[in-house]
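> what shape does this take:
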Amino acid sequence: MTGTFSVLIPVYNAADFVARAVASVTAQSLPATEILVIDDCSTDTTCAVVEDLARRHPTIRLLRTDRNGGPAAARNTGIAYATGDWIAVLDADDAYAPDRLEVMANAMAHDPGADILADDLLYYDAVAGQVTGRAMGPGATPTGAVTASDYVAHNLADGRGLDWGLLKPVIRRNLLVRSGIRYPTGQRHGEDFTFMLRLLLQGAQLRILNSAHYLYTQREGAVSRQTSGMTRTTIAYGALAQSALDLASDPAVRGAPALAALLRRRAEGLRRLDDAHFFSQAVRRGAVGALARRALRRPSFIPRVGWQVARAMRRRALQWRSARTPTARLPSDRQGMSPS
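Numbering: from 1, shown residues only. Model (predicted):
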């Protein structure tokens, strides 16, 4: 095993769940050198909770931003104060499996050329209190170094698999010191994607392990079917699409037309998601005028609305036919149960 770890946990109004994230780090089989909890101007008792934890665990340190700047600014603050060889990120509503840092350290020892390591995600249902599966699954991870084009190709927002931008990396601190690359503070959405792409464009070596040790809290649990009440993330597909287009025209990408094309595909995928989300919300509110205005501003919205309506009509038709199909009467002791 090699190297020491600084774990960064940005927090904002996380008093109800930050203790779980911190406890998952203090319980690691390979202890972290330091746990930097960066408060982004919370208005609840988050700081008091973290200060109480710090009194019991000397590796915990509470940092505070001067103004609310979002996850990017909070992580950058953590990077500025970190002293470990490796920087590991952890969202306040997530957790580490007990062996995550040890697994990462062993992987580093066997692959000293890696600058960035990530592992698969374990989906976690917070209400049910259980892991519900892996995001990518065994064998779905790449075997070699991930290039910038590989990374973008797995972030196309096309619904064909996990977007690699959701992975939570462990990064060699010296890489950040040498490159000066930080999370983009002008972005409140998709800052992880932009940050990672800029590191890869600088030649950083990213490896993704074929194992899962990061517990990713689902917005709605796969088992409980209830919202976690923990995540603070909002849906902003439009902002994500614009950031992809900005990257496509960045000087660092202009000389790589294939990469720029992938970024434009990502933007288009995100726009489709944005249109679908807008349509569902507008229909729920009965906002016909909002739908008309969007169609005027964005002509591509019209065929997408048609697709949404057609899909809804097909679903309704299937439900109607199912309701009218007679079913065989079951014995009295099996009524209400599915036949085996």
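> residues touching the residue nearest in space to the middle of the chain, list them.
Taking Cα atoms, centre = their mean, the centroid of the chain lies closest to Leu166, which sits 3.2 Å from it. The contact partners of Leu166, by Cβ atoms under 8 Å, 6 or more residues apart in numbering, come to 121, 135, 192, 216. Heads up, the C-betas are built off the backbone N, CA and C, glycines and all.
> neighbour-wise, which one of those leads?
Across those, the neighbour count under other Cβ atoms under 10 Å reaches its highest value at Asp192, namely 24 neighbours.
> so which strand or helix has it?
helix 191-201 (DSSP states H and E).
> next: Gly133.
Assessed by DSSP H and E, Gly133 sits inside strand 130-134.
> mind listing residues that contact the helix holding Asp192?
Applying Cβ under 8 Å, 6+ apart, the contact partners of helix 191-201 are 70-72, 115-116, 146-148, 151-152, 155, 165-166, 169, 171, 175, 179, 181-184, 187, 206, 240, 243, 247, 252-253.
> same check on stretch 146-159?
142, 161-165, 193, 196-197, 200-201, 206-208, 237, 240, 256, 258-259, 262-263, 265-266, 269-270, 272-273.
> do the same with stretch 9-26
With contacts defined as Cβ under 8 Å, 6+ apart, stretch 9-26 is touched by 7, 32, 35-46, 48-50, 53, 57, 59-60, 68, 71, 74-75, 78, 90-98, 215, 229-230, 232.
> measure that stretch end to end?
13 Å (Cα to Cα, to the nearest Å).
> kindly report the same for stretch 149-161.
Using Cα to Cα, one end of stretch 149-161 lies 16 Å from the other.
> likewise stretch 108-118?
End-to-end distance of stretch 108-118: 11 Å, with Cα to Cα as the criterion.
> average pLDDT for that stretch?
The pLDDT scores in stretch 108-118 average 94.
> what does that stretch rub up against?
Applying Cβ under 8 Å, 6+ apart, the contact partners of stretch 108-118 are 1-3, 86, 104, 107, 145, 164, 167-172, 175, 196, 199, 204-209.
> and it, what's buried?
108, 114-118 (16 or more other Cβ atoms under 10 Å).
> would you reformat those as TSV and include distance to Arg225 and secondary structure?
TSV is the format used below for these (distance: Cβ to Cβ, whole Å; DSSP: H, G, I helix; E, B strand; the rest coil):
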residue	distance to Arg225	secondary structure
Met108	39	helix
Ala114	39	coil
Asp115	40	coil
Ile116	35	strand
Leu117	34	strand
Ala118	29	strand
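> what about dumping the CA coordinates of the longest strand seen in the chain to CSV?
Longest strand of the chain, by residue count under DSSP state E: strand 206-217. Taking C-alpha atoms only, strand 206-217 is exported to CSV below (Å, rounded to 0.1, in the frame of the first residue of the first chain):
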residue,chain,number,x,y,z
LEU,A,206,-7.3,7.8,-15.1
ARG,A,207,-8.1,4.2,-14.2
ILE,A,208,-11.5,2.8,-13.2
LEU,A,209,-11.5,-0.3,-10.9
ASN,A,210,-13.7,-3.3,-11.6
SER,A,211,-15.1,-3.1,-8.1
ALA,A,212,-17.5,-0.9,-6.2
HIS,A,213,-16.9,0.8,-2.8
TYR,A,214,-18.7,4.1,-3.0
LEU,A,215,-22.3,4.2,-1.7
TYR,A,216,-24.3,6.5,-3.9
THR,A,217,-27.6,7.6,-2.3
